[in-house]
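Asker: Show me the folded form of this:
(one chain, ligands or ions: 1)
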Amino acid sequence: MDTAFKTALAALREHRAKTAPMDMRAAFASDPGRFARFSLSLDDLTLDFSRAAVDQKAVDLLLKLSEAAGLEAARDKMFSGSHINTTEDRAVLHTALRALSGGSIENDGYDVMPGVREVLEAMDAFADGVRRGTIRGATGKAFTDVVNIGIGGSDLGPVMVTRALSPYRDGPRLHYVSNVDGAHIADTLAGLDPETTLFIIASKTFTTIETMTNARTAQKWIAAKLGQSATGDHFAAVSTALDKVAEFGIDEKRVFGFWDWVGGRYSLWSAIGLPIMIAIGADDFRRLLAGAEAMDRHFKSAPLRENLPVMLGLIGYWHRVVCDYPARAIIPYDQRLERLPAYLQQLDMESNGKGAQLDGSPAITPTGPLVWGEPGTNGQHAFFQLLHQGTDIIPVEFMLAAEGHEPGLGHHHDLLVANCLAQAEALMKGRTLAEAEAQLLEKGVPEAEAKRLAPHRVFTGNRPSLTILYRRLDPFALGRLIALYEHRVFVEAQLFGINAFDQWGVELGKELATELLPVVEGKASADSRDAATGGIVKRIMELRGR
Ligand SMILES: O=P(O)(O)OC[C@H]1O[C@](O)(CO)[C@@H](O)[C@@H]1O
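Answerer: Residues are numbered from 1 along each chain as shown. You can find the predicted model right below:
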C-alpha cells in the first residue's frame, strides 16, 4: 500500500478517534434524511447502511481511501480478464459465466464466451433429459433423486441455492454429500433407490480427497446393487480436469467442463450449477444468472458513492479495520437462506482470510473478519443475547424479503418482518439505565429492587447493522444478492491489498492429513509426530481395542 493510501487510512482513523462512539440515536434524531442519505437502491433491492456508525465525513473519507487503493482500475482489470490472481497466474472471470447479454470477453487472447454458451447448452440438454425422464438409469427407470458429491465451492453454492429456490423446484429431489465422514453418504444413500439415483461428481480439480472417497463409495454402491456395467448410466461429472474424470471412468458425454479462471467459491454459475438446473430448470437457472449479470453491470458502471457492492465493502472495511470489530453476523430473515451464512463463510473467509499483501509483505491492517450466522428469528433465541449485551460489538447484516412465497401465511411474514425491524432498532437504540429503571418502577417493582435489576436490563445500543431488502426471494433476486456479496469481498480485498482468489491457507492441513492417514490406519508409527498427535493416536488405538 502506497503513501496516498496510508494517508487516507490515517485520516479515517483520526476521524473515528474524534467521533467514537457515535451516538446513533442522536444522529437519527437530528437528521430526518439519514435513511435517504445512507441507503442505496437498485430496482427492488435496497441496501440500508443508515444504522452503520458512519457519518457523511466517514463516507467521504472511505471513498477517498478507495480511490487511493485504485479500486476502479482494479475492478476493470478483473472484468477485462487480467491475471489478477497473481499467485496462481490466472484471470478471474466468473462474471463471464453470466455475461450472456454482452459480447466477447477475452482471456489470454481468446474469447471465452463461445465455450461458456456451449457448456450451458450441454447442461440444458442434460438437465432437461433428466427432468423429463428421457435420460434414465441402467434399468430404464427415470431418476427421482440426484446426489451431488462435492465439497467447498463444489457444494456450498448449489446447496444454498437449491434450498433458497425450493419454491421453484419441479425436478427430481436433490441431495448433497460433502463430508468425508462416512455418516454423510451412508445417511444419504439409506433413503435412496439405486435404480432411480443419479450421482454428479463435482470437483474442479478432481483430486479432492473427500469428494473422490465419496465418489468411489457411490460407485461401489451402484455396482453392488445394479452390477458394474450399470455405473456409467448413474454418473455425471463437473470438472476442469477432464483427463482425471476419464480415469475415474465417467463417459465424456456426461462430463461438463469449466475453466481455471473460475475460482471454486465463485463457481455456482458454471457447470457446478448443474444440480441447481436439474432442480429448477434451465429458464430459472438463467434468471439466476441474469440477476448476477445485473449486479455486475451495476458494479461496473455506477459511481462509487451510488454503487451497492462498493458501499457494502466500504462499510465492511469501516467496521473491520477502522472500528476493529472482529466479526460480522449474517442473519437472513428468510428461512430458505439458511445456508447463506455457510456459503458466505467460504466466499468471504477463504477469499479474505489472508495475512500477506500482493507483494508478499505482511498486511498493514486486519483483514477479513469472522463471518457467521443463522436465520432469524431462530438466532434471536440462541445468540442474540451476545449481540445485544455482550462485550464485543458484532455488526449484523440482515436480509429481508418484502413478501414471502406463501400467500396464505402472510401473517407469518408480517411477524417475521416485525422481528427483523425490531432487532435492528434494538441494536441501534438500546435501553439506558434510567429507561430500564423507569420501566421496572412502572411495573410496580419496589425502588430498591428496580435499582438492583436495572443494570442487567441495560442495552448499550449503538450496535451497527445493515439491512438488505428485496421484494421476494426469486432466482433473479438471489443471483443479484450473491453477486453483491462476491463484489463486496473483492472491494474489501483491494483495500486490504491482498489476493482474494487463492487459498493457500487450506493446503497445509491437506498435506498433513495425507501424512497422518497411514498413522491412523496403524500402518505407520506416530513416533515422529508431536506429543499431542502421538497421545491422541495412542488413545484412539486403545479405544478401538488395538
Ligand atoms: O472443487 P474441488 O477441486 O474439489 O475443490 C473443493 C474446494 O476445495 C478448496 O480448494 C479448498 O478448500 C476450495 O477452494 C474448493 O472450493
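
Asker: ok, the residue most central in space within the chain - contacts?
Answerer: If you average the C-alpha coordinates of the chain and look for the closest C-alpha using CA atoms, centre = their mean, you land on L344, 2.0 Å from that point. Residues counted as contacts of L344 (CB atoms under 8 Å, 6 or more residues apart in numbering) are I330, V371, G373, Y485. Where you see a C-beta, it was placed from the backbone N, CA and C, and this is true even at glycine.

Asker: Make TSV out of the residues you listed and add distance to A531, neighbour count and secondary structure.
Answerer: Listed next are the contacts of L344 as TSV, based on distance: CB to CB, whole Å; neighbours: other CB atoms under 10 Å; DSSP: H, G, I helix; E, B strand; the rest coil:
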residue	distance to A531	neighbour count	secondary structure
I330	39	24	strand
V371	34	23	strand
G373	37	25	strand
Y485	43	22	helix
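
Asker: which residues touch the helix or strand containing L440?
Answerer: For L440, the element it lies in under DSSP states H and E is helix 433-442. Applying CB under 8 Å, 6+ apart, the set of residues contacting helix 433-442 from outside is R431, E447, E449, A450, K451, L453, A454, P455, R457, V458.

Asker: try 7 Å
Answerer: For helix 433-442, the external contacting residues (CB atoms under 7 Å, 6 or more residues apart in numbering) are E447, A450, K451, L453, A454, P455, R457, V458.

Asker: repeat for stretch 179-191
Answerer: V147, H175, V177, S178, I209, E210, T213, N214, T217, A218, W221.

Asker: For the residue nearest to the first one when sequence neighbours are not counted, give its distance to Q335.
Answerer: I take that to be V147. Leaving aside its chain neighbours, V147 sits nearest to H175 (4.6 Å; criterion: CB to CB, 6 or more residues apart in numbering). Separation of H175 from Q335 (CB to CB, to the nearest Å) stands at 19 Å.

Asker: just P366 next, same as before
Answerer: The gap separating P366 from Q335 is 32 Å, by CB to CB.

Asker: again with F398
Answerer: Relative to Q335, F398 is positioned 14 Å away (criterion: CB to CB).

Asker: got it, and D170?
Answerer: Following CB to CB, the distance that separates D170 from Q335 is 20 Å.

Asker: more crowded one of the two?
Answerer: In this view D170 and Q335 are compared by other CB atoms under 10 Å, and Q335 has more residues nearby, 17 against 10.

Asker: Which helix or strand contains the closest residue to the more buried one other than its chain neighbours?
Answerer: Of all residues beyond its chain neighbours, the one nearest Q335 is P375 (5.3 Å), with distances taken as CB to CB, 6+ apart. P375 belongs to no helix or strand when assigned by DSSP H and E.

Asker: How about the contacts made by P375?
Answerer: So, once contact is read as CB under 7 Å, 6+ apart, P375 ends up touching P332, Y333, D334, Q335, L337, E338.

Asker: Widest-spaced pair of those residues?
Answerer: Greatest spacing in the contacts of P375, by CB to CB: Y333 and E338 (11.2 Å).

Asker: between those two, which one's more packed in?
Answerer: Set Y333 next to E338 and count neighbours by other CB under 10 Å: Y333 wins out with 24 against 16.

Asker: rewinding a little: let me have the contacts of P375 in TSV, extended by secondary structure and distance to I276.
Answerer: Converted to TSV, those look like this (DSSP: H, G, I helix; E, B strand; the rest coil; distance: CB to CB, whole Å):
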residue	secondary structure	distance to I276
P332	strand	18
Y333	strand	23
D334	coil	18
Q335	helix	19
L337	helix	15
E338	coil	16
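
Asker: before we move on, back to that, now do whatever helix or strand the residue nearest to the centre of the chain lives in: distance to the chain's middle.
Answerer: For L344, the host element (DSSP H and E) is helix 340-344. Relative to its chain's centre, helix 340-344 lies at 4 Å (CA atoms, centre = their mean, to the nearest Å).

Asker: quick check, that helix touching the ligand?
Answerer: No - residues of helix 340-344 are not located near the ligand by CB under 6 Å from any ligand atom, the shortest gap being 11.3 Å.

Asker: Which strands or helices does the helix or strand just after that helix pack on?
Answerer: Using DSSP H and E, the next helix or strand after helix 340-344 towards the C-terminus is helix 351-352. If you count contacts as 3 or more CB pairs under 7 Å, 6 or more residues apart in numbering; DSSP states H and E, helix 351-352 packs onto helix 475-496.

Asker: V537: what's it in contact with?
Answerer: Each residue near V537 by CB under 7 Å, 6+ apart is listed here: V519, V520, A526.

Asker: what about stretch 202-219, average pLDDT?
Answerer: When pLDDT is averaged over stretch 202-219, the result is 96.

Asker: Stretch 303-314 too?
Answerer: Along stretch 303-314, the predicted local confidence has a mean pLDDT of 98.

Asker: Show me which residues of that stretch are buried.
Answerer: Buried positions in stretch 303-314, judged by neighbour count with 16 or more other CB atoms under 10 Å: L304, N307, L308, P309, V310, M311, L312, G313, L314.

Asker: tell me the contacts of G291?
Answerer: Neighbour list for G291: P475, F476, A477, L478, G479, R480 [criterion: CB under 7 Å, 6+ apart].

Asker: secondary structure element for it?
Answerer: Assigned by DSSP H and E, G291 belongs to helix 282-301.

Asker: Next secondary structure after that helix?
Answerer: Once helix 282-301 ends, the next helix or strand along the chain (criterion: DSSP H and E) is helix 308-317.

Asker: what does that next one contact?
Answerer: Helix 308-317 has contacts (CB under 7 Å, 6+ apart) with 40, 42, 47, 49, 52, 54, 62, 66, 298-299, 304, 328, 466, 484, 487-488, 491-492, 495.
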